[in-house]
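1. sequence first, predicted model second:
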Amino acid sequence: MVDFLVSLNNFIWGAPFILFVMLIGLYFTARSGLFTFAHFGHVMKNTLGSLTSKEARKKDDKSVSPFEAVCVAIGGCVGTANIAGVATAMATGGYGAVFWLWLWAFFGMMVKIVEVTLGCYYRGKDENENYYGGPMYYMEKGILREMGLKVGGPLAVLFSFFFVFQSVQGSQGFTIAEIFNATFGWNMVVVVAVYSAVVLYLIWSGRQGAVNFATKCVPFMCVVYLVAGIVLIVLNIQNLPSAIVNIFHDAFTGTAAFGGFLGASVIQAMNSGVSRSMNSNEAGMGSSPLVHGSADCEHPMRQGLWGSFEVFVDTLIICSITALSVACSGVLDTGLTGATLTIAAYETMFGHFAAYYIAIMAIMFGLTTTTGYYIYYVTIIKYIFRHKPILRDKLIAVFKIYFPLMNVVVTSFIVFTGQDATLFWTIVSIVTAGPTFFNLIALFILRNKFFQIFKDYKARYLGKGNVDPNFHVFYEDDPEIAAKEEAIRAELRKEVADAYAHKG
């Protein structure tokens, strides 16, 4: 079973899939004129620089604010992958994995803009008039209804299925159990059972409870992890130049065996770096549009900038802190993997205190990711079963228990088979590929629609070109389209009301 999973991962994340992913990222980055690089200041000004603005906090009882959306989204992607996933990538792919992690983050900043923008542009409402957006909406509305391509329907179904299928990996529990086992010697299955109970409590608090938790926790945890990582790197500053040289050199030559490290080929470095980067920053996976589509924003691409900011924070800052900490501290050849490798890096300077610090960070990272992903999964379940509200409600009730329970199942499987973190991250890589594949296909099909929105944004906010007064900023700003969509919603509301009435 274990050998099969490893072989399956190597097949899925082989050269063809990595090339496909990279070409999509390169296409959008190049066609946009390297927007995230050329207008980096504009992106930061309208994200980090606007955190206290009224626009960032704007919301009503039917939506979330842009700031809340980005906190949930960052919470969803800044998780234990930043602590353990990056370390595992380096343990299996060598220094070169970091280069490929960075490269996808560079492309991913633009890809995240594309998917968040489209998610907001095609957003819809449920029977209670709450805003919801996401890949299945731009697949159904954009590809199926607007473009008239029948492939839009199957894409929405396949994306939804494979995205929810990701829940089989659990929700950060394995890494947290791994850290507490390494730090305190606690039984991993017991730890993950307690963690799952906390997760169960949080998700029963509902969508707004998860949003509030992420809004309070995400800014704090990012700053604390950043400061400690910078201190570690500065204390090992003499090793930084050689570490950076190794990262760029080994990306194209592979890593020779040394110490406890077995070495890695170029394809291993690419596999480890790209898959871990995508799993961490989620660019291309279609997750962030699921919450950003609920944001009360004035322009779809304005919210898309927050998506780019997520990738920058998650990978080019936080993941880089972990990677450079491991590289500079000289622990890569110890044979350790996962969170234990990151702990070893921090212990070189902070002693045993490092294990306690990583444990606290893992809990915060894990819980924000878990609550973020719970929102994502429930949004998709509501979409899939929107015509069957009774079944939908029952499935959501079951999912509230199934979701945290999978932590116990996955961790127990890995522990009782005598495996380590490498198997866990192999499972994560496998289930990440499915939704990513179908989402990237949809983004490419809708490329011209995105660049119409992009052109409008540049005219309105960057003074480049003329604003077309006939261009509709949101899909339903067109009265004719709005009437058709409202008719569909009215029929849906009737179906829901009839279903509940029949239930009695």
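-> Done, it's in.
2. how long is stretch 119-132 end to end?
-> As for stretch 119-132, its first-to-last residue distance stands at 9 Å under the measure Cα to Cα, to the nearest Å.
3. buried residues, that stretch. List them.
-> Across stretch 119-132, burial judged by 16 or more other Cβ atoms under 10 Å covers 119-127, 131-132. Any C-beta I mention is one placed from the backbone N, CA and C, and that applies to glycine too.
4. biggest separation within the residues you listed, which pair?
-> Y121 and E127 (21.6 Å; Cβ to Cβ).
5. what packs against the helix or strand harbouring I267?
-> Here I267 sits within helix 266-281, counting by DSSP states H and E. Counting contacts by 3 or more Cβ pairs under 8 Å, 6 or more residues apart in numbering; DSSP states H and E, helix 266-281 is packed against helix 15-31, helix 86-93, helix 96-121, helix 240-253, helix 421-445.
6. now do the helix or strand encompassing F180 against helix 86-93, angle only.
-> For F180, the enclosing helix or strand under DSSP H and E is helix 173-184. Compare the direction of helix 173-184 with that of helix 86-93 by axes from the mean of the first three to the mean of the last three Cα atoms, to 10 degrees and you get 90 degrees.
7. and helix 173-184, how far out from the chain's middle?
-> 22 Å (Cα atoms, centre = their mean, to the nearest Å).
8. so which bits of the helix or strand following that helix are buried?
-> Going down the chain from helix 173-184, the next helix or strand is helix 188-204, by DSSP H and E. Going by neighbour count (16+ other Cβ under 10 Å), the buried part of helix 188-204 is 188-189, 191-193, 195-196, 198-199, 202-203.
9. now the longest helix along the chain: buried residues?
-> If you go by DSSP state H, the chain has its longest helix at helix 353-384. Neighbour-count burial for helix 353-384 flags 354-355, 357-359, 361-384 (criterion: 16+ other Cβ under 10 Å).
10. same check, this time on stretch 340-354
-> 340-350, 354.
11. repeat for stretch 325-333
-> Buried, per 16+ other Cβ under 10 Å, within stretch 325-333: 325-329, 331-332.
12. go through these and name the one nearest E476.
-> Within these, the smallest distance to E476 is 46.8 Å, found for S325 (Cβ to Cβ).
13. so what's that closest one up against?
-> Neighbour list for S325: 229, 232-233, 342, 345-346 [criterion: Cβ atoms under 8 Å, 6 or more residues apart in numbering].
14. same question, S32
-> S32 makes contacts with 110, 451, 454, as judged by Cβ under 8 Å, 6+ apart.
15. just the buried members of these?
-> Buried by 16+ other Cβ under 10 Å: 110, 454, out of those.
16. including distance to S277 and pLDDT, could the contacts of S32 go into a markdown table?
-> What follows is the contacts of S32, written out as a markdown table (distance: Cβ to Cβ, whole Å; pLDDT from 0 to 100):
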| residue | distance to S277 | pLDDT |
| --- | --- | --- |
| M110 | 14 | 96 |
| F451 | 25 | 97 |
| F454 | 24 | 97 |
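17. so which of the contacts of S32 is the closest to D296?
-> F454 (21.1 Å).
18. so that closest one belongs to a helix, correct?
-> Yes: F454 forms part of a helix when assessed by DSSP: H, G, I helix; E, B strand; the rest coil.
19. give me phi/psi at the residue lying closest to P135 once chain neighbours are set aside?
-> Closest residue in space to P135, ignoring its immediate chain neighbours: G286 at 3.9 Å, by Cβ to Cβ, 6 or more residues apart in numbering. As for G286, its main-chain torsions (degrees, to the nearest 10) stand at phi 90, psi 10.
20. output the lowest mean pLDDT helix or strand found in the chain.
-> helix 54-57 (a mean of 55; mean pLDDT, DSSP states H and E).
21. now for the helix or strand harbouring V6, which elements pack on it?
-> Here V6 is covered by helix 2-12, with elements defined by DSSP H and E. Here helix 2-12 touches helix 421-445, going by 3+ Cβ pairs under 8 Å, 6+ apart.
22. tally of neighbours for the spatially closest residue to L8 that is not a sequence neighbour?
-> Distance criterion Cβ to Cβ, 6+ apart; nearest residue to L8, sequence neighbours excluded, is I430 at 5.9 Å. Applying other Cβ atoms under 10 Å, we find 21 residues neighbouring I430.
23. and if you look at G304?
-> 30.
24. how far does the helix or strand hosting it sit from its chain's centre?
-> Element membership for G304 (DSSP H and E) is helix 300-311. Put simply, helix 300-311 sits 13 Å off its chain's centre (Cα atoms, centre = their mean).
25. how about stretch 367-380 as PDB, C-alpha atoms only?
-> Taking Å, rounded to 0.1, in the frame of the first residue of the first chain, the C-alpha atoms of stretch 367-380 are listed here in PDB:
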ATOM      1  CA  LEU A 367      -6.200  25.400  13.500                       C
ATOM      2  CA  THR A 368      -6.400  28.400  11.100                       C
ATOM      3  CA  THR A 369      -5.800  26.100   8.100                       C
ATOM      4  CA  THR A 370      -8.400  23.600   9.400                       C
ATOM      5  CA  THR A 371     -11.100  26.300  10.000                       C
ATOM      6  CA  GLY A 372     -10.300  27.800   6.600                       C
ATOM      7  CA  TYR A 373     -10.600  24.500   4.800                       C
ATOM      8  CA  TYR A 374     -13.800  23.600   6.600                       C
ATOM      9  CA  ILE A 375     -15.400  26.700   5.100                       C
ATOM     10  CA  TYR A 376     -14.100  25.700   1.700                       C
ATOM     11  CA  TYR A 377     -15.500  22.100   1.900                       C
ATOM     12  CA  VAL A 378     -18.900  23.200   3.200                       C
ATOM     13  CA  THR A 379     -19.200  25.900   0.400                       C
ATOM     14  CA  ILE A 380     -18.700  23.100  -2.200                       C
END
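26. nearest residue to T315 in space, please, no chain neighbours.
-> A105 (3.7 Å).
27. okay, and for this protein, where does confidence drop off?
-> 1, 51-81, 126-129, 171, 205-219, 256-264, 504 (pLDDT under 70).
28. try 50
-> By pLDDT under 50, the low-scoring segments of the chain are 62-63.
29. residues in contact with S329?
-> By Cβ under 8 Å, 6+ apart, the neighbours of S329 are 232, 236, 239, 344-346, 348-349.
30. burial measure for the residue nearest to P135, as a count.
-> 29.
31. what's the answer for V114, then?
-> By the criterion of other Cβ under 10 Å, V114 has 32 neighbours.
32. so how far is V224 from it?
-> As judged by Cβ to Cβ, to the nearest Å, V114 and V224 stand 31 Å apart.
33. and if you look at F11?
-> Using Cβ to Cβ, F11 is found at 39 Å from V224.
34. of those two, who's got more company?
-> V224 (14 against 11).
35. setting aside sequence neighbours, what's the nearest residue to that one?
-> M361 (7.2 Å).
36. so how far is F20 from A442?
-> Distance from A442 to F20, counting by Cβ to Cβ: 14 Å.
37. give me the more crowded residue out of the two.
-> A direct count of neighbours by other Cβ under 10 Å for A442 and F20 places A442 higher, at 25 against 15.
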